[in-house]
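Participant: kindly generate the corresponding structure for this input.
(chains A, B, C and D)
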Number of protein chains: 2
Amino acid sequence: MTENSRTRLVESTRELLWDRGYSATSPRAILDAAGVGQGSMYHHFHGKEDLARAAMQRNAEEMRIQVDADLAGPGTAVDKITGYLHRERDVLRGCRFGKLAQDAEVEASAALHTLVSEMFSWLQMRLTEVIEQGQIDGELSAEVNATSVAAMIAATLQGGYVLARAAQDTAAFDLAIEGALELLRAIATPR
Amino acid sequence: MTENSRTRLVESTRELLWDRGYSATSPRAILDAAGVGQGSMYHHFHGKEDLARAAMQRNAEEMRIQVDADLAGPGTAVDKITGYLHRERDVLRGCRFGKLAQDAEVEASAALHTLVSEMFSWLQMRLTEVIEQGQIDGELSAEVNATSVAAMIAATLQGGYVLARAAQDTAAFDLAIEGALELLRAIATPR
DNA sequence: GTCTATAAAGTGATAGAC
DNA sequence: GTCTATCACTTTATAGAC
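Facilitator: This is a model prediction of the structure:
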């Protein structure tokens, strides 16, 4: 049972980080959610920042597995990106990393910010690879810059979360994704 | 001089809201930045929320004027949207409204959330109008859904801010914008 | 109209009992 | 390894002097 409190702390932190971000998440709220005392947290972790780091590392592991599952599957580049963008998401809750990227206290913490930064640069690299392969295969126009299209896709996803949250309606997210895919198909050669 | 303290409070709040969001901005920080005492704030406003509302209303006025200036100018639909997307921005500071859309305390306040929500629905409406006019003029393909392309453009902008902030580098923002414009031009008929 | 003093509650962290 | 008690500090807000 030695690892049970630790795990519960990390899982509670992951949920609270997702809903309220880092700055607005108090150790007290984490302890209440995990159902453990304060001493337990300071035994397993150095403090709030250290606990958040552990939670974000778990998020990164899961995210990489999910993205790889979407992008490494069979089909064309458009199929892969469509699969990635259409994956079921908790849209109104937002992106676990996107929310933290905007958090001033995360930005002020090198340890925390690095995790966010690396996640997004890895994602854009993976998307770029898929688009470049599509160009090599003659599926996508070689005229476009693969890096910028990859950035546009990652941005549409992140911005879709923002628009949906502003409208309190997932429709805005779905529309943005649809728009990106419509335009992506416009640079695909009919086969 | 009766309005001087009030104005200074609103302006300081606008800056702090932009940098730290709503939850993380304390009345104390606002007072320090404005250089006025606490009684002054509670004389002019009911409290933190009321002051934030006044600051966000000012932001909304400015935003509408700027967007109208970009989109109501001369040129084609692609020209207008290119002008809007290429407007000089303080990218690493992010979007005044996008940041607040993600703030849990803003979402919990009907008065504050409404301002964010109305801003984004108005923006998407204006972008949709421009794209629809481009389709009527035969400049843009009638095949695409104007509403979804408008959502994609708004999302690319918001997401571009997120990516740039994550990378601490405006290049990610510029790439995303470039990608969106490349694809937009792909549905424009050469003239 | 603006100030300072103060309050009650919450913050992140430490101490020490068990 | 986990608990509760406590700390110094900050939060949003009110009271009352000037």
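Participant: my guess is A:T25 is in a helix, correct?
Facilitator: No. Assignment of A:T25 by DSSP: H, G, I helix; E, B strand; the rest coil gives coil, placing it outside any helix.
Participant: so is stretch A:159-179 next to chain B?
Facilitator: Yes. Interface with chain B: stretch A:159-179 contributes A:159-160, A:162-163, A:165-168, A:172, A:175-179 (C-beta under 8 Å from any C-beta of the partner chain). Where C-beta positions appear, they are placed from N, C-alpha and C, glycine not excepted.
Participant: quick one: contacts of that stretch?
Facilitator: A:85-86, A:89, A:91-92, A:94-95, A:98, A:156-157, B:97-98, B:101-102, B:107, B:113, B:116-117, B:119-121, B:124, B:144-145, B:147-160, B:162 (C-beta atoms under 8 Å, 6 or more residues apart in numbering or on different chains).
Participant: could you redo the last one with a cut-off of 7 Å?
Facilitator: A:85, A:91-92, A:94-95, A:98, A:156, B:98, B:101-102, B:116-117, B:120-121, B:145, B:147-149, B:151-152, B:154-159 (C-beta atoms under 7 Å, 6 or more residues apart in numbering or on different chains).
Participant: just the buried ones from these?
Facilitator: A:85, A:91, A:94-95, A:98, A:156, B:98, B:101-102, B:116-117, B:120-121, B:147-149, B:151-152, B:154-159 (16 or more other C-beta atoms under 10 Å in any protein chain shown).
Participant: burial of A:T128, as a residue count?
Facilitator: 19 (other C-beta atoms under 10 Å in any protein chain shown).
Participant: what parts of chain A come near DNA strand D?
Facilitator: A:1-2, A:4-6, A:35-40, A:42-44 (C-beta under 7 Å from any atom of the strand).
Participant: just the pLDDT for the residue nearest to A:Q57 when sequence neighbours are not counted.
Facilitator: Using C-beta to C-beta, 6 or more residues apart in numbering or on different chains and skipping residues adjacent in sequence, the residue nearest A:Q57 is A:L115, 6.7 Å away. As predicted, A:L115 sits at a pLDDT of 98.
Participant: next SSE downstream of the helix or strand containing A:L115?
Facilitator: Using DSSP states H and E, A:L115 sits in helix A:110-136. Going down the chain from helix A:110-136, the next helix or strand is helix A:146-167, by DSSP H and E.
Participant: when you compare where that following helix runs with where helix A:110-136 runs, what's the angle?
Facilitator: Between helix A:146-167 and helix A:110-136, the angle comes out at 120 degrees (axes from the mean of the first three to the mean of the last three C-alpha atoms, to 10 degrees).
Participant: now do helix A:146-167, average pLDDT.
Facilitator: Here the average pLDDT along helix A:146-167 is 98.
Participant: now do the helix or strand following it, average pLDDT.
Facilitator: Using DSSP H and E, the helix or strand that follows helix A:146-167 in sequence is helix A:171-186. Averaged across helix A:171-186, pLDDT comes to 97.
Participant: now helix A:171-186: buried residues?
Facilitator: Those would be A:172-186, for helix A:171-186 by 16+ other C-beta under 10 Å.
Participant: DNA strand C contacts on chain A?
Facilitator: A:25-29, A:38-39, A:42, A:47-49.
Participant: my guess is A:G98 meets A:Q158, correct?
Facilitator: Yes. A:G98 is within contact range of A:Q158, at 4.7 Å (criterion: C-beta atoms under 7 Å).
Participant: grab the nearest non-local neighbour of A:V36.
Facilitator: Nearest one to A:V36, counting by C-beta to C-beta, 6+ apart, is A:S5 at 4.9 Å.
Participant: other SSEs contacting the helix or strand hosting the one you found?
Facilitator: For A:S5, the element it lies in under DSSP H and E is helix A:4-20. In terms of contact count using 3 or more C-beta pairs under 7 Å, 6 or more residues apart in numbering or on different chains; DSSP states H and E, helix A:4-20 is assigned the packing partners helix A:27-34, helix A:38-44, helix A:48-71.
Participant: what are the buried residues along the last one?
Facilitator: By neighbour count with 16+ other C-beta under 10 Å, helix A:48-71 contains the buried residues A:48, A:51-56, A:59-60, A:63, A:67, A:70-71.
Participant: DNA strand D: which of the residues of stretch A:159-179 next to chain B is nearest?
Facilitator: The closest of the residues of stretch A:159-179 next to chain B to DNA strand D turns out to be A:R165 (C-beta to the nearest atom of the strand; 21.2 Å).
Participant: if I look at that closest one, how far off is DNA strand C?
Facilitator: 22 Å (C-beta to the nearest atom of the strand, to the nearest Å).
Participant: A:T128 too?
Facilitator: From A:T128 to DNA strand C the distance is 37 Å (C-beta to the nearest atom of the strand).
Participant: before we move on, what about A:L127?
Facilitator: 34 Å.
Participant: that residue against A:A154, yeah?
Facilitator: Yes. Counting by C-beta under 7 Å, A:L127 sits close enough to A:A154 to count as a contact (6.2 Å).
Participant: now A:L51, nearest residue through space, not along the chain?
Facilitator: Using C-beta to C-beta, 6+ apart, the nearest residue to A:L51 is A:F45, at 4.3 Å.
Participant: re earlier: want to throw the residues of chain A next to DNA strand C into TSV with distance to A:I136?
Facilitator: Below are the residues of chain A next to DNA strand C laid out as TSV (distance: C-beta to C-beta, whole Å):
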residue	distance to A:I136
A:T25	45
A:S26	50
A:P27	50
A:R28	54
A:A29	50
A:Q38	56
A:G39	57
A:Y42	53
A:G47	49
A:K48	47
A:E49	43
